[in-house]
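Peer 1: please work out how this folds:
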Amino acid sequence: MSFDIVKGMATTLKNMGRKPTTISYPEEERTLPARFRGRHVLHRYENDMERCVGCYLCAGACPANAIYIEADENTEEKSVSPGERYARVFDVNMLRCIFCGYCQAACPTGAITLEKEYKLASYYPEDLIYHKEQLLEAKGSATVGSNEVWADPAPAEAAQPIPQDSHVFDGSRASSAAVGLGNIEVERPNLLLNADQDEDRRKLNS
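Peer 2: Predicted coordinates:
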């Protein structure tokens, strides 16, 4: 008996008592890691407003060009998000997506995350283009998704980097200039001083 056969038999005998790594799917499903990246989810605030403000940052960050967005303006009669705009169309092409998580990392409002839904197989390619209606959380079920496990919590004294104003959405104050709700006054020149200087110039030139 050659040494290679003995070595192979030793490996077999060593692993005979171990628990098998295979499972009987779909009757049995494996527990997924906390940072598993599956299908995308669009999140809401607790008041049911959509977190997405149609900024296109996720689409710009996507290396596979898998995200398509059409933004529309919020109005007083119809306010969908806390910003000036909201995503009227939000499509994710799962045939292109590489599940890298760049869209989640780029989103300034925590609107899009990759969750644990992995049963995405389909016989038809058109079924693998997920639309906003399929991705958006139902009203009354606001969550922050996998942002909790990917991002370290901010210190208690730190303002959260979520565009909002006056404790409206999640209880913390932050600059909301990025979504058109800026509250910082613009510096203005002293108009009276400028007028006096112009008058002095005219006297000198005359």
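Peer 1: give the bridge partners for the residue nearest to residue 131 when sequence neighbours are not counted, please.
Peer 2: Leaving aside its chain neighbours, residue 131 sits nearest to residue 91 (5.6 Å; criterion: C-beta to C-beta, 6 or more residues apart in numbering). In this view, the C-beta of every residue, glycine as well, is placed from N, C-alpha and C. Note on residue 91: beta-bridge partners residue 68, judged by DSSP bridges.
Peer 1: can you read off the pLDDT for residue 91?
Peer 2: Here, the pLDDT recorded for residue 91 equals 97.
Peer 1: mean confidence (pLDDT) on stretch 137-157, please.
Peer 2: 81.
Peer 1: next one: it to chain centre, how far?
Peer 2: In terms of C-alpha atoms, centre = their mean, to the nearest Å, the centre of stretch 137-157 is set 11 Å apart from its chain centre.
Peer 1: still on that earlier bit, quick one: residues contacting the residue nearest to residue 131.
Peer 2: 67, 68, 69, 129, 130, 131, 132 (C-beta atoms under 8 Å, 6 or more residues apart in numbering).
Peer 1: would you agree residue 139 falls within a strand?
Peer 2: No. Applying DSSP: H, G, I helix; E, B strand; the rest coil, one finds residue 139 to be coil, outside a strand.
Peer 1: quick one: the nearest residue to residue 44 once chain neighbours are set aside and residue 120, what's the gap?
Peer 2: Distances taken as C-beta to C-beta, 6+ apart place residue 142 nearest to residue 44, at 4.4 Å, with adjacent residues excluded. Distance, residue 142 to residue 120, by C-beta to C-beta, to the nearest Å: 24 Å.
Peer 1: neighbour count for those two, which is higher?
Peer 2: Remark: of residue 142 and residue 120, residue 142 carries more neighbours, 18 against 13, as counted by other C-beta atoms under 10 Å.
Peer 1: my guess is that one contacts residue 46. True?
Peer 2: Yes. Residue 142 lies in contact with residue 46 (C-beta atoms under 8 Å); the separation is 4.9 Å.
Peer 1: separation between the residue nearest to residue 131 and residue 70?
Peer 2: Distance from residue 91 to residue 70, by C-beta to C-beta: 9 Å.
Peer 1: what do you get for residue 85?
Peer 2: According to C-beta to C-beta, residue 85 stands 10 Å off from residue 70.
Peer 1: now swap in residue 142 and tell me
Peer 2: Between residue 142 and residue 70 the computed distance is 24 Å (C-beta to C-beta).
Peer 1: of residue 85 and residue 70, which one has the most company?
Peer 2: Set side by side, residue 85 and residue 70 show more neighbours around residue 85, with 18 against 12, by other C-beta under 10 Å.
Peer 1: quick check: end-to-end length of stretch 17-36?
Peer 2: Length of stretch 17-36, first residue to last, C-alpha to C-alpha, to the nearest Å: 30 Å.
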